[in-house]
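>>> Model the structure of this input:
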Amino acid sequence: MSAPSIGGVQVPRGGGQTIRLPRGASLSDFADRIGANPASLVQIMLHLGEMVTATQSVNEETLQLLGAELDYNIQVVSPEEEDRELLEAFDIEFGEDEGDEADLAPRPPVVTVMGHVDHGKTKLLDAIRHTNVVAREAGGITQHIGAYQVSATHEGEDRKITFIDTPGHEAFTAMRARGAQATDIAVLVVAADDGVKPQTIEALNHAQAANVPIVVAVNKIDKEGADPNKVRAQLTEYGLVAEEYGGSTLFVDISAKNGTGIETLLEAILLTADAELDLRANPDMDAQGLAIEAHLDKGRGPVATVLVQRGTLRVGDSIVCGEAFGRVRAMLDDNHEPVEEAPPSFPVQVLGLTATPRAGDNFIVVTDDRMARQIAQQRAARQRIADMARSSRRRTLEELFDELKKSQSDELKLIIKGDVSGSVEALEDALLKIDVGEEVSLRVLHRAVGAITEYDVNLAIADDNAVIIGFNVRPEVRARDLAEREGVDIRFYSVIYQAIEEIEAALKGMLKPEFEEAQLGTAEVREVFKVPKIGNIAGAIVRSGTITRNSKARIIRDGIVVADNLTVSSLRRFKEDATEVRDGFECGIGVGYNDIKIDDVIETFEMREKPRG
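Alright, predicted model coming up:
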């Protein structure tokens, strides 16, 4: 490798060599890999017009820019690869069954219920489980992920099916995507009276991206105007062709409200599972799986709903789930009954974790608590570095100079607390997508599960009075008293799009008003009068609109503005003062400008605030 001079700095050149770097790597990490001095890379970045310190976590774009300059091919390791490499260091393989074919045993299918909001997904699960979940959800909209196991009889045999209920609101796209990745079969619920809607297509895309078979439940067939055949025809456009039309997708007409067709739907799910999938797992290995949901319980601490994908999870196991770890103190099934072990495809609530994992985090059982702590701490450190890199947007020298010249754009800072991790994550995701232009930005300082604490209030006070959002949670007594004393704004919500609407309105309120000019009237100068101690007054006739006293004015001569930013200081009709003079009337106008000539045009206007879109 040669060592060329870039901006007077000697650095080894790559010659197309590939360098793998973790997310959030610094210039020092890059320098270690290529045997260069970190200070020289800092100088090269300055030469490229960017200020970066040697130890600062930088984003992928910056690494790629530096790599291209030095002729290196930079590969930033994905979170999944990072995690796999981390687990391999501890001699753990995630995502594969241990043992031979003989060790694999059949497991129940995991089914995700998807579809457009208000098409009856939760009502369908109610009908299957004979319980009422809808009544517990704000506004009748599912805002948590739940997992439930039910029994069904198929060909005289008692079989189990695990259902994952994913929320239908568009803000929960990320949660719904995770639901599709955890699933074997997707049930797409479409209302027969409403047909295919945008979120129906969105849910279908998630299921197809996860490469899972789809069973379509055509709901609300009992309603007036229901047309199940129309739904079949609409979905044909998206590649779902019903069996009766010569395709391979099972369509089942149901009424979740009346309980019609539920048994047929369960049978269709089992038929699809048997025909298209080989659902087997090793129940004798250490358990692995996914966190479906998590929340902070006041009496029990962090509670995670996990889906066991392979192995058997037992009380007393040392477990690491995302950045949380601990020993399984107790497990509860979907009826909140205690269980001692959870085989493959079995959803359980786990008690005993040190923190609240995020929806979609994988969990593994390890040999002891020490290993669990080490894996969790390394995951947390990597995530923290990646977050720092993401938040430290590339800034050019020009931007830094501009910021010194003018005050920075306004920023609304938020602290988000919620009852479950999926809701907190979905709310943050939806809020960060709000776009009201470059003048105002939104930054989430902190997000977590649980009640609003003194820590949250102190953080809001320390950071320019940030706003605290409580989603289905309330502040602790001392936190509430501190917030009232310090004037910290705490907003409470139970429906996600109410929060989105209010924050968007707040961001728009922070925008500096934009003004546009509105013409009021024009007057043609017919005569010029000299008034002692006042100056020249124009004798004029109003040609359009209205001339108003104290309005802004300009003088136009032969189509050219000869004087601007004037004010109509005096306005008279004959010998009387006037407030305004309308089109067609004569008047005397004084604008504090003496070089007025006959045939000049006096144009008056005002600046009006432009409504924001």
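
>>> Count the neighbours of the residue nearest to V467 when sequence neighbours are not counted for me.
Nearest non-adjacent residue to V467, counting by C-beta to C-beta, 6 or more residues apart in numbering: D489, 4.8 Å away. In short, each C-beta sits where N, CA and C put it, glycine included. Close neighbours of D489, defined as other C-beta atoms under 10 Å, add up to 12.

>>> hang on, isn't D489 packed against I468?
Yes. Contact status for D489 versus I468: in contact at 7.0 Å, counting by C-beta atoms under 8 Å.

>>> Give the residues shared as contacts by the two.
A460 (C-beta atoms under 8 Å, 6 or more residues apart in numbering).

>>> which stretches of the stretch 301-450 of the chain form strands?
Ranges of strands in the stretch 301-450 of the chain, per DSSP state E, counting those that start in this stretch, are 301-310, 313-314, 318-321, 324-332, 338-339, 341-342, 347-353, 362-366, 410-418, 440-449.

>>> Please identify the most buried of those.
Mean neighbour count, computed with mean count of other C-beta atoms under 10 Å, is highest for strand 318-321 among the strands of the stretch 301-450 of the chain, reaching a mean of 26.

>>> Go ahead and flag the most central residue of this structure.
In the chain, the C-alpha nearest the mean C-alpha coordinate belongs to D429, at 1.3 Å (C-alpha atoms, centre = their mean).

>>> Looking at the strands of the stretch 301-450 of the chain, spot the one closest to V52.
When those are compared by C-beta to C-beta, strand 440-449 sits nearest V52, at 20.8 Å.

>>> thinking again about what came up before, same list, the strands of the stretch 301-450 of the chain, but as JSON lines with mean pLDDT and distance to E237 please.
Shown next, in JSON lines, are the strands of the stretch 301-450 of the chain (pLDDT from 0 to 100; distance: least, C-beta to C-beta, whole Å):
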{"stretch": "strand 301-310", "mean pLDDT": "90", "distance to E237": "33"}
{"stretch": "strand 313-314", "mean pLDDT": "94", "distance to E237": "43"}
{"stretch": "strand 318-321", "mean pLDDT": "92", "distance to E237": "41"}
{"stretch": "strand 324-332", "mean pLDDT": "92", "distance to E237": "44"}
{"stretch": "strand 338-339", "mean pLDDT": "92", "distance to E237": "45"}
{"stretch": "strand 341-342", "mean pLDDT": "92", "distance to E237": "41"}
{"stretch": "strand 347-353", "mean pLDDT": "92", "distance to E237": "34"}
{"stretch": "strand 362-366", "mean pLDDT": "89", "distance to E237": "36"}
{"stretch": "strand 410-418", "mean pLDDT": "86", "distance to E237": "38"}
{"stretch": "strand 440-449", "mean pLDDT": "84", "distance to E237": "37"}
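
>>> right, and those - which one's nearest V424?
Of the strands of the stretch 301-450 of the chain, nearest to V424 by C-beta to C-beta is strand 410-418, at 3.8 Å.

>>> partners of the closest one, with directions?
strand 440-449 (parallel), strand 467-471 (parallel) (DSSP bridges).

>>> Near the residue nearest to A105 when sequence neighbours are not counted, how many other residues are there?
The shortest distance from A105 to any residue other than its chain neighbours is 5.4 Å, reached at P283 (C-beta to C-beta, 6+ apart). Residues lying near P283 (other C-beta under 10 Å) number 20.

>>> how much space is there between I128 and I185?
Distance of I128 to I185, computed by C-beta to C-beta, to the nearest Å: 14 Å.

>>> N550 now?
For N550 relative to I185 (C-beta to C-beta), the value is 73 Å.

>>> Surely P108 and T162 touch.
Yes. Counting by C-beta under 8 Å, P108 touches T162, with 5.4 Å between them.

>>> Give the residues shared as contacts by these two.
149, 345-346.

>>> picking that back up, assign a three-state SS to the residue nearest to A105, would you?
coil (DSSP: H, G, I helix; E, B strand; the rest coil).

>>> quick one: which of N550 and I185 has more around it?
Shown here are N550 and I185; by other C-beta under 10 Å, I185 has more neighbours (22 against 13).

>>> Please verify my assumption that that one contacts P213.
Yes. Using C-beta under 8 Å, I185 makes contact with P213 at a distance of 5.3 Å.

>>> shared neighbours of the two, anything?
272, 277.

>>> Which one's more surrounded, P108 and T162?
T162 (24 against 21).

>>> Which stretch among the strands paired with strand 410-418 approaches I44 most closely?
strand 440-449 (29.5 Å).

>>> Need the residues that contact the closest one.
Outside strand 440-449, the residues that reach it (C-beta under 8 Å, 6+ apart) are 294-296, 302, 356, 409-421, 424-425, 428, 431-432, 434, 456, 459-460, 463, 466, 503, 507-508, 510-511.

>>> Now, of these, which are buried?
294-296, 302, 356, 412-421, 424-425, 428, 431, 434, 456, 459-460, 466, 503, 507 (16 or more other C-beta atoms under 10 Å).

>>> which residues does C587 bridge with?
Under the criterion used (DSSP bridges), C587 bridges to A540.

>>> Correct me if wrong: it contacts R573.
Yes. Assessed by C-beta under 8 Å, C587 is found in contact with R573 at 5.4 Å.

>>> what is in contact with these two at once?
V581.

>>> Looking at those two, which one has more neighbours?
Neighbour tally, C587 and R573, criterion other C-beta under 10 Å: the higher count belongs to C587, 21 against 13.
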